[in-house]
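Q: what's the 3D shape of this:
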Amino acid sequence: MSDLKYPHLFEPIQVAGALFRNRLFSSPQGFYNLGPDLFPNDDMVAYFETKARGGFASVCVGDCIVDWKNGRHYDWLIPMDNPKMLPGLSKLASAVHRHGAVASAELSHAGMFAKASFDAGAPIKGPVNMAGKYGDVTAMTEEDIAHVVEAYGKAAAFAKQCGFGMVTIHGGHGWLIPQFWSGQINTRTDRWGGSFENRMRFPLAIVDSVRKAVGKGFPIEFRMSGSETNPDGYDIDEGIEFAKALDGKVDIIHVSTGNHEVLSATIITHPSMFLEDGCNVKYAAAIKKHVKTHVATVGAFTDPAHMEEVLASGQADIIELGRQTLADPDLPLKARAGRDDEINKCMRCSACFGNVGRHRIFYCAINPVVGHEDEARYLPPVREKKRVLVAGGGVAGMQAALTAAERGHSVTLCEKGGKLGGVLLCEDQISFKQKLKAYLEHQAHMLAKAPIEVRLNTEVTPEYARELRPDVIIAALGARPFVPPVKGIDGPNVLGAEEVYYHPERAGKRLVILGGGLVGIELGIHMAMLGRDVSIVEMLPELSVDNFSMHTLALLEQIGKLGIKVRTSTAVSEITPAGVTAKGPDGTLELPADTVVYAVGQKPLRDEAAALGGCAGEFYQLGDCVTPRNILAATQAAWTVARDIGR
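A: Numbers count the residues shown, from 1 in each chain. Next comes the predicted model:
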């Protein structure tokens with residue numbers, strides 16, 4: 001009998017002759033911080049190596065395009081038909097393998113969604129002639145089909161040559177393969193379409209081509225959507241039939257869900273914070289009842305106990321993690337050692353997606369090392385250990401204290417209030433922000449475990465700081481809500497967002513929220529879930545949200561679902577006992593409200609922080625007391641400042 005806390009999770013599994021050390025796989029993720037030549041660089045190697053070092057059994061490099069000319073949806077993906085990629089990919093595969101993990105390459109073709117290829121002058125090709133999202137789609141000819149089938153085989157052989165120990169055929173999320181097996185799209189009348197058997201011919205031809213290229217003793221994973229989770233896509237019943245056709249022909253059936261090009265489905269593929277943990281396991285469980293091939297599940301897993309239960313109950317054979325590998329790439333090592341309390345669990349805030357969309361770089365709001373893995377590997381040792389005073393126990397202060405202590409400094413953290421967490425404590429009771437609450441509690445727990453002196457109910461004044469005589473002061477005092485200069489703002493029917501978060505019972509039935517940023521929107525959703533009638537008023541032409549973030553899609557879906565009224569390009573001129581007077585695109589309007597809530601930003605406590613500047617030889621301000629931004633900005637600044645002390 002195993003002495004491990006999670007015996008199923010850490011039971012090795014042999015697949016097509018390859019040994020995987022446990023059942024935790026790092027699911028396919030692209031890496032887009034590449035130069036114009038697209039050669040894998042040291043940043044890319046470090047990004048994937050970190051996951052292997054953390055104990056994952058397999059680490060998959062996503063978005064490896066088999067046909068660069070015709071099949072790429074972005075210009076910053078990996079061209080598997082370019083032999084110049086050999087040294088870079090070989091170095092990457094070696095970095096993963098030498099830590100005991102199996103490196104996998106995800107082979108993909110965008111088909112009728114190959115926007116970047118189209119923009120470069122290539123025709124858009126898919127199963128049939130049709131009007132497509134990016135232009136007219138031309139039906140693939142026999143020659144086109146043969147070319148793509150061969151391209152998959154060549155790409156698989158190239159991956160094996162580079163040292164990858166597995167290939168993952170991307171047959172999900174609406175790309176070329178599911179375009180062919182979709183009965184809604186593929187209405188061809190030749191041997192490649194129409195009947196189920198004909199629609200499966202193309203995917204199976206690709207599998208055969210890949211198998212011929214890599215041989216029997218080399219694992220092939222096939223990634224599919226169990227259901228496309230949208231009215232125009234296929235459902236789980238069809239997904240089961242697709243999986244049955246693959247059974248025995250591939251070695252792992254990796255069951256994801258959704259369609260990349262359908263926004264409502266994308267936030268199920270990458271579950272939003274409004275969905276429960278493991279929300280997509282039901283699709284893998286349904287398919288596993290009908291196949292003998294190993295089945296992998298993916299989607300919003302963070303808790304090893306939950307993952308163990310999924311495996312023990314026979315719902316899947318393998319658990320694949322995506323965003324959680326960013327939040328804590330050491331999850332396997334910690335779970336295996338029974339150190340569950342140290343696992344940093346993904347909040348599903350989608351800061352990672354937002355930054356990939358904006359900068360083509362993965363960053364994680366709660367793991368500041370992500371995006372800096374290469375430099376983190378080579379941090380010089382601290383030459384001088386110092387006494388560090390951190391003023392403020394919010395997100396920035398907690399991260400600064402933890403990093404400084406990890407680097408060997410003597411750290412004291414003082415928090416004016418009676419609990420760590422700062423301004424975000426007001427969101428403790430929000431149903432869809434429980435992951436945020438867990439993160440704050442995790443940071444407080446890690447502080448308690450570290451050699452850090454934490455002093456609550458302690459305000460750091462200049463006098464107090466001088467008494468402690470620190471070598472370094474880090475001021476992370478935060479910010480306070482900004483009160484807009486609107487006539488009637490001091491009325492009895494007006495509350496700040498923070499007060500409503502803490503005391504929702506003080507708000508009436510009808511709410512008008514001033515401010516269409518993240519705070520105002522999330523508060524509006526929270527109050528609508530509690531049964532309030534909510535309107536959001538924003539001065540700008542659009543809501544002030546991150547247009548690159550997957551979280552924004554989830555917020556907009558909730559706004560529509562809950563019937564929240566949004567008025568943009570609208571400025572409030574007066575608050576009255578009856579509600580709000582505002583000017584919008586159609587002139588002056590009256591918005592009735594029992595309660596008016598302002599959520600128009602934060603005012604940084606810069607003066608309070610600056611007052612501590614002369615109390616130590618080294619002084620740093622960070623977080624919201626510099627400029628109110630977000631958790632990502634706070635943790636990255638805190639990690640960077642603290643790691644440089646004593647260098």
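Q: how about low-confidence regions in the protein?
A: By pLDDT under 70, the low-scoring segments of the chain are 1.
Q: and the longest helix for it?
A: helix 142-162 (DSSP state H).
Q: in that one, what counts as buried?
A: 144-145, 148-160, 162 (16 or more other CB atoms under 10 Å). Backbone N, C-alpha and C define where each C-beta goes, glycine included.
Q: also stretch 528-545?
A: Buried, per 16+ other CB under 10 Å, within stretch 528-545: 528-529, 532-539, 543-545.
Q: do a quick rundown of the strands in the stretch 451-600 of the chain.
A: 452-455, 472-475, 479-481, 494-496, 510-514, 533-537, 565-567, 571-576, 579-584, 587-592, 595-598 (DSSP state E, counting those that start in this stretch).
Q: I meant the stretch 151-300 of the chain, not that one.
A: 166-171, 220-225, 252-256, 294-298.
Q: which strands and helices sit next to the second one?
A: Identification of packing neighbours for strand 220-225 by 3 or more CB pairs under 8 Å, 6 or more residues apart in numbering; DSSP states H and E yields strand 166-171, helix 201-214, helix 236-246, strand 252-256.
Q: among those, which is nearest Ser225?
A: strand 252-256 (5.6 Å; CB to CB).
Q: how far off centre is the closest one?
A: Averaging C-alpha positions (CA atoms, centre = their mean, to the nearest Å) puts strand 252-256 20 Å from its chain's average.
Q: name the helices or strands packed onto it?
A: Taking 3+ CB pairs under 8 Å, 6+ apart as the contact cut, strand 252-256 packs with strand 220-225, helix 236-246, helix 281-288, strand 294-298, strand 318-321.
Q: got the ones you listed as a markdown table, with mean neighbour count and distance to Leu38 columns?
A: A markdown table is the format used below for these (neighbours: other CB atoms under 10 Å; distance: least, CB to CB, whole Å):
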| stretch | mean neighbour count | distance to Leu38 |
| --- | --- | --- |
| strand 220-225 | 26 | 22 |
| helix 236-246 | 19 | 31 |
| helix 281-288 | 23 | 33 |
| strand 294-298 | 26 | 26 |
| strand 318-321 | 27 | 26 |
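Q: how far is stretch 425-443 from where the chain is centred?
A: Here stretch 425-443 is found 17 Å from its chain centre; the criterion is CA atoms, centre = their mean.
Q: flag every buried residue along it.
A: Within stretch 425-443, the residues scored as buried using 16+ other CB under 10 Å are 425-428, 430, 432-433, 435-440, 442-443.
Q: need the CA coordinates for it. CSV is fine.
A: Extracted in CSV, the C-alpha atoms of stretch 425-443 (Å, rounded to 0.1, in the frame of the first residue of the first chain):
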residue,chain,number,x,y,z
LEU,A,425,-10.4,41.9,1.8
CYS,A,426,-13.7,43.6,1.0
GLU,A,427,-14.3,41.0,-1.7
ASP,A,428,-14.2,38.1,0.7
GLN,A,429,-17.9,37.3,0.4
ILE,A,430,-18.2,37.4,-3.4
SER,A,431,-19.1,34.0,-4.7
PHE,A,432,-17.0,34.2,-7.9
LYS,A,433,-14.0,35.7,-6.1
GLN,A,434,-13.3,32.9,-3.6
LYS,A,435,-10.1,32.1,-5.5
LEU,A,436,-8.9,35.6,-4.7
LYS,A,437,-9.8,35.0,-1.0
ALA,A,438,-7.9,31.7,-1.1
TYR,A,439,-4.9,33.5,-2.5
LEU,A,440,-4.8,36.1,0.2
GLU,A,441,-5.1,33.4,2.8
HIS,A,442,-2.4,31.5,1.2
GLN,A,443,0.0,34.5,1.3
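Q: contacts for it?
A: Identification of contacts with stretch 425-443 by CB atoms under 8 Å, 6 or more residues apart in numbering yields 273-274, 302, 343-349, 366, 395, 398-399, 402, 419-421, 424, 498, 501-502, 504, 522, 525-526, 529.
Q: OK, contacts around Tyr47?
A: By CB under 8 Å, 6+ apart, Tyr47 lies in contact with 31, 362, 373.
Q: mind checking which of these are in helices?
A: The members of the contacts of Tyr47 that map onto helices under DSSP H are Glu373.
Q: ok, so of the contacts of Tyr47, who is nearest Phe222?
A: Nearest to Phe222 among those, with distances taken as CB to CB, is Phe31, at 22.0 Å.
Q: I figured that closest one was touching Met44, is that so?
A: Yes: at 4.6 Å, Phe31 counts as touching Met44 under the criterion of CB atoms under 8 Å.
Q: quick check: domain ranges of this protein?
A: Domains of the chain are assigned by automatic domain parsing as 13-349, 379-481+603-644, 494-600.
Q: nearest to Arg358, of the ones you listed?
A: Arg358 sits nearest to domain 494-600 of all the domains of the chain, at 4.7 Å, using CB to CB.
Q: for the closest one, the distance to its chain's centre please.
A: Relative to its chain's centre, domain 494-600 lies at 26 Å (CA atoms, centre = their mean).
Q: just the helices in the stretch 251-400 of the chain please.
A: Listed in chain order, the helices found in the stretch 251-400 of the chain under DSSP state H, counting those that start in this stretch are 263-269, 281-288, 304-312, 324-327, 331-336, 351-359, 373-377, 395-406.
Q: tell me the strands beside whichever helix or strand comes after the last one, with direction?
A: This means helix 395-406. Next helix or strand after helix 395-406 toward the C-terminus (DSSP states H and E): strand 410-414. With DSSP bridges as the test, strand 410-414 is paired with strand 387-391 (parallel), strand 452-455 (parallel).
Q: okay, the shortest one in CSV with CA atoms only?
A: Spelled out, that is strand 452-455. Extracted in CSV, the C-alpha atoms of strand 452-455 (Å, rounded to 0.1, in the frame of the first residue of the first chain):
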residue,chain,number,x,y,z
ILE,A,452,9.0,36.9,9.2
GLU,A,453,7.8,38.9,12.1
VAL,A,454,4.2,40.1,11.3
ARG,A,455,2.8,42.9,13.4
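Q: which residues are in contact with that strand?
A: With contact meaning CB under 8 Å, 6+ apart, strand 452-455 is reached by 393, 401-402, 405, 411-415, 420, 447-448.
Q: closest to Glu308 among these?
A: Ala448 (26.2 Å).
Q: not counting sequence-adjacent ones, nearest residue to that closest one?
A: Once flanking residues are discounted, Ala448 sits nearest to Val454: 7.2 Å by CB to CB, 6 or more residues apart in numbering.
Q: same deal with Val128?
A: Ala139 (4.9 Å).
Q: for the one you found, give its distance to Arg72.
A: 20 Å (CB to CB, to the nearest Å).
Q: same thing with Cys64?
A: Counting by CB to CB, the gap from Cys64 to Arg72 is 11 Å.
Q: just to revisit the earlier point, deepest-packed of the strands of the stretch 451-600 of the chain, please.
A: Comparing the strands of the stretch 451-600 of the chain by mean neighbour count (mean count of other CB atoms under 10 Å), strand 472-475 comes out on top with a mean of 27.
Q: neighbouring contacts of it?
A: With contacts defined as CB under 8 Å, 6+ apart, strand 472-475 is touched by 386-392, 397, 400, 404, 409, 460, 465, 609-610, 612-613, 615-622, 625, 638, 641-642, 645.
Q: got the strands paired with strand 410-414 as a markdown table, with distance to Val486 columns?
A: Below are the strands paired with strand 410-414 laid out as a markdown table (distance: least, CB to CB, whole Å):
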| stretch | distance to Val486 |
| --- | --- |
| strand 387-391 | 33 |
| strand 452-455 | 39 |
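Q: how about those, which one is nearest Asp586?
A: strand 387-391 (48.8 Å).
Q: okay, the angle between the closest one and helix 395-406?
A: Note on geometry: by axes from the mean of the first three to the mean of the last three CA atoms, to 10 degrees, strand 387-391 and helix 395-406 are set 170 degrees apart in direction.
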